[in-house]
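Q: quick one, what's the 3D model for this:
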Amino acid sequence: MNQLKTTVSVLTLVSAFLGNCNPVNKNDPFSDALFYAFLFQAIGNAQEENCSFSPVNADSLFNDQWHLRNIGQSGGTVGEDANVNPVWNQDISGNKVIVSVVDDGLDTRHEDLSANISVTARGLNLLNSTIFPNHTYSNSFHGTAVGGVIAARGGNGIGVRGAAPCSKLVGVNILEKSTIYTSDEYRAMVNEASRVSISNNSWGSPDGYGWLWPSSSLWQQGINEGIRTGKSGKGTVYVWAAGNGANGGSITAPILVDNANYDGQANFYGVMAIGGIGQNGVKANYSESGANLWVVAHTQGNSATAYTTAISTTDATGTSGINSGGTSGDYSFANYTKKFNGTSSATPLAAGVISLLLSQRPDLSWRDVRELVAYSARTNDPGDTDWTMNAAGLNINHKYGFGAVDAANLLTSAGTWIPITTPQMIDTLPLLSPNTPIPDNDLVTGATVNYNVTSGITYIEYVDVEFTSNHTYFPELYIRITSPGGTSSFLTEAHACANPYSGSLCSTGNTSIASMTGSSTYRFGLARTLGENPNGTWTIRVFDASATDTGSINSVQLRIYGR
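A: Modelled structure (predicted):
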């Protein structure tokens, strides 16, 4: 099961898209064929144009794009944005970088996107096995909105601009399929990988259930191939939406439901999970926290009682998409929308900022990019009590990862960055099987497992935690892991849960890891120990928040990625 990462305010549209798509073709197949025949006639010898962009040139809706330049125009905090303007002013706009939009299609002939459609990378439509990634259904819009946040053409006098207004886009239409197979996921991850610098994925497992969703081995294979061989051997950078299921669908009475670590795609070592913050720099209450979260970027947030201003971007051309031109609260011209939101819109903002980096430093590998993004992130919402420093000196927060993406900081840091030349080591450590009982209804003592690590790795890039338990109601558990350097991280918290297959509340006595995933083992991801030395004793503690259901820590196994 897969889902677009949009917030509650558009869930009805997402539901309509997933379950009741109206197969009204938006494009004439014959004209599409002619368009692509022209577009790809020079494949092999073609080169991407060197776009010229001046930030002083007008884009008619740019003043609405507070996520790019926040001057308080919508009541937000002045300067609380992606900080792209200082980078644009250095004539850095994303040239020669190709970004794959893996989504529900991409309107390649949109007036504000067509100039930035790649002429060297072919699209992929998994609905009909063609190279035409355009939307098939009249209510599809998501991929076009994502594409606009990344690379709507800037300075052309119309519409909006992307964070990287000269980068190129290639579409992969996977989400219009009624049934998505693991082979589809694989193909989506590796499509044109040798040319693709960044793969944007504003989709994932269903939100709002508090369920565990392992990723498929074929999808993992695709990511592994992309980071090893993509971008001419430097590795494709995969950005992934953290998810919007944290608040149970309520602003005024939120209930903790989802965590980004419950999504086996968002917590995989080869991707960066992106959360969302609003125009005041505070976490959107739907945005999922997690020990796997890498950074956050701007999107629609909320006050104590209502959602705040969303993101202005491109919509499917004409009356198709989210805005028909007469949609309440939206633009009167239907090719654009000001209602895009969720970690769906935060993720492409991060992708656009990374595109600016790679246009200036094409020599960087996917590992370089990850670390630069982490080291250059800005500590947003500095008063939040979860901020702490890991043993390597990095600021970390379960809500914000390493902080907010900041383009100017990123490019400044890149100026002195020496590329990582040491091959990545992966050390799968011995399985520890303590079968330690978890005390029932006990938030004080808990069950403790000490895990001693001796590894040739001295610098952590990421950690997998394979956790096995037969506890009969997993959603009532808190799992905390502490590194040898003293960094403490929650892998899971007690949370509300609903069965995604029946729609009913999860059953006590029958909601184990195995009942959710088919296996009693689940892999969690840990980003927060970046830069630390893994050698020494790790401590895993598990607490049970409610009475009746019981179980044990059957086994734990760590996998360290690093150098």
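Q: quick one, longest helix in the protein?
A: Taking DSSP state H as the assignment, the helix of the chain that covers the most residues is helix 343-360.
Q: now that helix - C-alpha only, PDB.
A: This file holds the C-alpha atoms of helix 343-360, laid out as PDB (Å, rounded to 0.1, in the frame of the first residue of the first chain):
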ATOM      1  CA  THR A 343       5.700  16.500   3.900                       C
ATOM      2  CA  SER A 344       4.800  16.100   0.200                       C
ATOM      3  CA  SER A 345       5.800  19.700  -0.400                       C
ATOM      4  CA  ALA A 346       8.600  19.800   2.200                       C
ATOM      5  CA  THR A 347      10.400  17.000   0.500                       C
ATOM      6  CA  PRO A 348      10.700  18.600  -3.000                       C
ATOM      7  CA  LEU A 349      11.800  21.900  -1.300                       C
ATOM      8  CA  ALA A 350      14.700  19.900   0.200                       C
ATOM      9  CA  ALA A 351      15.300  18.300  -3.300                       C
ATOM     10  CA  GLY A 352      15.500  21.700  -4.900                       C
ATOM     11  CA  VAL A 353      18.000  23.000  -2.300                       C
ATOM     12  CA  ILE A 354      20.200  19.900  -2.900                       C
ATOM     13  CA  SER A 355      19.900  20.500  -6.600                       C
ATOM     14  CA  LEU A 356      21.500  23.900  -6.100                       C
ATOM     15  CA  LEU A 357      24.300  22.200  -4.300                       C
ATOM     16  CA  LEU A 358      25.000  19.700  -7.000                       C
ATOM     17  CA  SER A 359      24.900  22.200  -9.700                       C
ATOM     18  CA  GLN A 360      27.900  23.900  -8.000                       C
END
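Q: pLDDT on it, on average?
A: The pLDDT scores in helix 343-360 average 99.
Q: show me what counts as buried in that helix.
A: By neighbour count with 16 or more other Cβ atoms under 10 Å, helix 343-360 contains the buried residues 343-360. For the C-beta atoms, the positions are set from N, CA and C on the backbone; glycine is no exception.
Q: what's the angle between the helix or strand following it and helix 343-360?
A: Of the helices and strands lying after helix 343-360 in sequence (DSSP states H and E), the nearest is helix 366-376. Taking axes from the mean of the first three to the mean of the last three Cα atoms, to 10 degrees, helix 366-376 and helix 343-360 form an angle of 110 degrees between their directions.
Q: show me what helix 366-376 packs onto, helices and strands only.
A: The contact analysis (3 or more Cβ pairs under 8 Å, 6 or more residues apart in numbering; DSSP states H and E) places helix 366-376 against strand 237-241, strand 293-298, helix 343-360, helix 407-414, strand 460-469.
Q: right, and the ones you listed - which one's nearest residue 434?
A: Residue 434 lies closest to strand 460-469 among the helices and strands packed on helix 366-376, at 10.4 Å (Cβ to Cβ).
Q: the helix or strand that comes right after the closest one: partners in the sheet, and parallel or antiparallel?
A: Once the chain leaves strand 460-469, the next helix or strand it forms, by DSSP H and E, is strand 477-482. Based on DSSP bridges, the pairing partners of strand 477-482 within the sheet are strand 488-492 (antiparallel), strand 536-544 (antiparallel).
Q: pLDDT weak spots in the stretch 251-400 of the chain?
A: Nowhere does the stretch 251-400 of the chain drop to pLDDT under 70.
Q: residue 434 and residue 488, how far apart?
A: In this structure, residue 434 lies at 20 Å from residue 488, with Cβ to Cβ, to the nearest Å as the measure.
Q: compare the helices and strands packed on helix 366-376 and give me the one nearest residue 541.
A: Comparison of the helices and strands packed on helix 366-376 against residue 541 by Cβ to Cβ identifies strand 460-469 as nearest, at 11.9 Å.
Q: so what strands line up beside the closest one?
A: Strand 460-469 has these partner strands in its sheet, going by DSSP bridges: strand 521-526 (antiparallel), strand 552-562 (antiparallel).
Q: need the winner for burial among those strands.
A: Taking mean count of other Cβ atoms under 10 Å as the contact definition, the stretch among the strands paired with strand 460-469 with the greatest mean neighbour count is strand 521-526, which reaches a mean of 23.
Q: which residues touch that one?
A: Residues from elsewhere that reach strand 521-526 (Cβ atoms under 8 Å, 6 or more residues apart in numbering): 212, 214, 261, 264, 266-269, 273, 290-292, 462-468, 479, 481, 489, 491-492, 513, 555.
Q: got the angle for it vs strand 293-298?
A: Computed by the same axes, to 10 degrees, the angle between strand 521-526 and strand 293-298 is 60 degrees.
Q: the chain - how does it break down into domains?
A: Following the TED database, one gets these domains for the chain: 1-18+26-45, 62-415, 425-562.
Q: centre of the chain to the last one, how far?
A: Which is domain 425-562. For domain 425-562, the distance from its own C-alpha centre to the chain's C-alpha centre is 23 Å (Cα atoms, centre = their mean, to the nearest Å).
Q: check the longest one too.
A: Computed by Cα atoms, centre = their mean, the chain-centroid distance of domain 62-415 equals 6 Å.
Q: equivalent analysis for stretch 424-442, please.
A: A distance of 28 Å separates the centroid of the chain from that of stretch 424-442, by Cα atoms, centre = their mean.
Q: picking up where we left off before, in JSON lines: the helices and strands packed on helix 366-376, plus distance to residue 74.
A: As requested, the helices and strands packed on helix 366-376 are exported to JSON lines (distance: least, Cβ to Cβ, whole Å):
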{"stretch": "strand 237-241", "distance to residue 74": "23"}
{"stretch": "strand 293-298", "distance to residue 74": "12"}
{"stretch": "helix 343-360", "distance to residue 74": "15"}
{"stretch": "helix 407-414", "distance to residue 74": "20"}
{"stretch": "strand 460-469", "distance to residue 74": "36"}
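Q: in stretch 445-454, what's buried?
A: Residues of stretch 445-454 classed as buried under the neighbour-count rule (16+ other Cβ under 10 Å) are 446, 447, 449, 451, 453.
Q: that older thread, could you identify which of the domains of the chain is most buried?
A: Among these, judged by mean count of other Cβ under 10 Å, the one packed with the most neighbours on average is domain 62-415 (a mean of 23).
Q: run through this structure and note the low-pLDDT ranges.
A: Judged by pLDDT under 70, the stretches of the chain that qualify are 1-3, 5-45.
Q: mind running it again at 90?
A: Judged against pLDDT under 90, the low-scoring parts of the chain cover residues 1-50, 52, 54-58, 326.
Q: can you pull out the helices in it?
A: 11-19, 29-39, 85-88, 142-151, 182-190, 217-229, 343-360, 366-376, 407-414, 513-517.
Q: can you spell out which helices and strands pack onto the third one?
A: Looking back up the chat, that one is helix 85-88. Applying 3+ Cβ pairs under 8 Å, 6+ apart, one finds that helix 85-88 makes contact with helix 407-414.
Q: next: the fourth one.
A: Of the remaining helices and strands, those touching helix 142-151 by 3+ Cβ pairs under 8 Å, 6+ apart are strand 98-103, strand 168-173, strand 311-314, strand 336-340, helix 343-360.
Q: give the contact list for residue 417.
A: If you count contacts by Cβ under 8 Å, 6+ apart, residue 417 has them with 361, 364, 368, 372.
Q: which one of those residues is nearest to residue 257?
A: Taking Cβ to Cβ as the measure, residue 257 sits nearest to residue 372 out of these, at 32.6 Å.
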